[in-house]
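Enquirer: Provided below are the primary sequence and the corresponding predicted coordinates.
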Amino acid sequence: MVQLDEHAKAREGNVSEQRRQFPQALLWGLVVLAVLGAALVLALSSGWFAQRNSPAPTEPLTPSEPVDAPTSLPPPVDATQTSAAVARPIPAGIGSRIGERAPDFSLPSLSGQTMSLSQFRGHIVILDFWASWCGPCRSTMPVVHALWRAVTSRGVDLVGISLDRTASAASSYLASNGFDDMVALWGSLASAGAVASLYGVSAIPRTVVIDRNGIVRFNNHSAMLDRAVLDSIP
């Protein structure tokens, strides 16, 4: 009987100790959860996750270590300097956002023929801003080119605007990679940069899809363009 009583007392002592420790454990658990919650809020507010989940790298129009590009982006070009890209007020309803009418422009092609966006009216235009010194552009150009080749019979044109410093840099890259069947525009870095500014392009690669009536249907990183976007345009 004495032995049983001792065991019972021991059990009661253990239960009492557990009851005493439970509030402490609960308190520490709440403290840990509060610290983790504060850390999560701080990470979200600082953009930590957004910076690490970016699937589409870009290059600024002026590369930090230029291979074949100027050390600074030239100022916009007005009509007194070149006929390639005219700086003028844009009427309401014209712009580079989806649903707006794409602003018209003119640039010489690498072959020397001056071309305007309005010449492609009635066709779907894949307008691609790129440069041979741009690493992400070299990754997306083959994809965009292959996508265009798959739908070109539907009246789709690929128009590339090069932001290279020289025409030779652009034409050499296109020829060596089998992309010289696209419409390649350049003229000068200043005039190409003016068109990029007209479309709000601050980093490349960037692709704008314009429908047969001149309305912007897509404006995003080139890696985001897929067949469904083009198939959705009659």
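Expert: On my side now, so go ahead. Model, not experiment: these values are computed from the prediction. Numbers count the residues shown, from 1 in each chain.

Enquirer: rest of the way, CA atoms for contacts and neighbours
Expert: Will do.

Enquirer: Over to Ile233. Which of the three states is it?
Expert: Under the three-state scheme (DSSP: H, G, I helix; E, B strand; the rest coil), Ile233 adopts coil.

Enquirer: now it: how far from Ser109?
Expert: Taking Cα to Cα, to the nearest Å as the measure, Ile233 and Ser109 are separated by 26 Å.

Enquirer: Check Gly155 too.
Expert: Using Cα to Cα, Gly155 is found at 20 Å from Ser109.

Enquirer: Same drill for those two, tell me which one is more crowded.
Expert: Taking neighbours as other Cα atoms under 10 Å, Gly155 and Ser109 compare with Ser109 leading, 20 against 13.

Enquirer: residue ranges with poor pLDDT in this structure?
Expert: Counting by pLDDT under 70, the chain has low-confidence residues at 1-56, 58-59, 61-92.

Enquirer: Can you show me the helices along it?
Expert: 2-45, 48-52, 135-151, 167-176, 189-198, 227-231 (DSSP state H).

Enquirer: ok now do Val183, which residues does it touch?
Expert: Taking Cα atoms under 8 Å, 6 or more residues apart in numbering, we find Val183 in contact with 109, 157-160.

Enquirer: Show me how this structure divides into domains.
Expert: 2-51, 59-231 (automatic domain parsing).

Enquirer: Leu110 is in contact with Ser171, correct?
Expert: Yes. Counting by Cα atoms under 8 Å, Ser171 touches Leu110, with 6.9 Å between them.

Enquirer: picking up where we left off before, tell me which two of the contacts of Val183 sit farthest apart.
Expert: Pairwise distances across the contacts of Val183 peak at 14.1 Å for Ser109 and Asp157 (criterion: Cα to Cα).

Enquirer: so how far is Met182 from His221?
Expert: Distance, His221 to Met182, by Cα to Cα: 19 Å.

Enquirer: for Pro234, same thing?
Expert: Per Cα to Cα, Pro234 is found 22 Å from Met182.

Enquirer: Between these two, tell me which one has more neighbours.
Expert: Using other Cα under 10 Å, the more surrounded residue of Pro234 and Met182 is Met182, with 15 against 8.

Enquirer: Backbone dihedrals for that one, please?
Expert: The phi and psi torsions at Met182 (degrees, to the nearest 10) take the values phi -80, psi 170.
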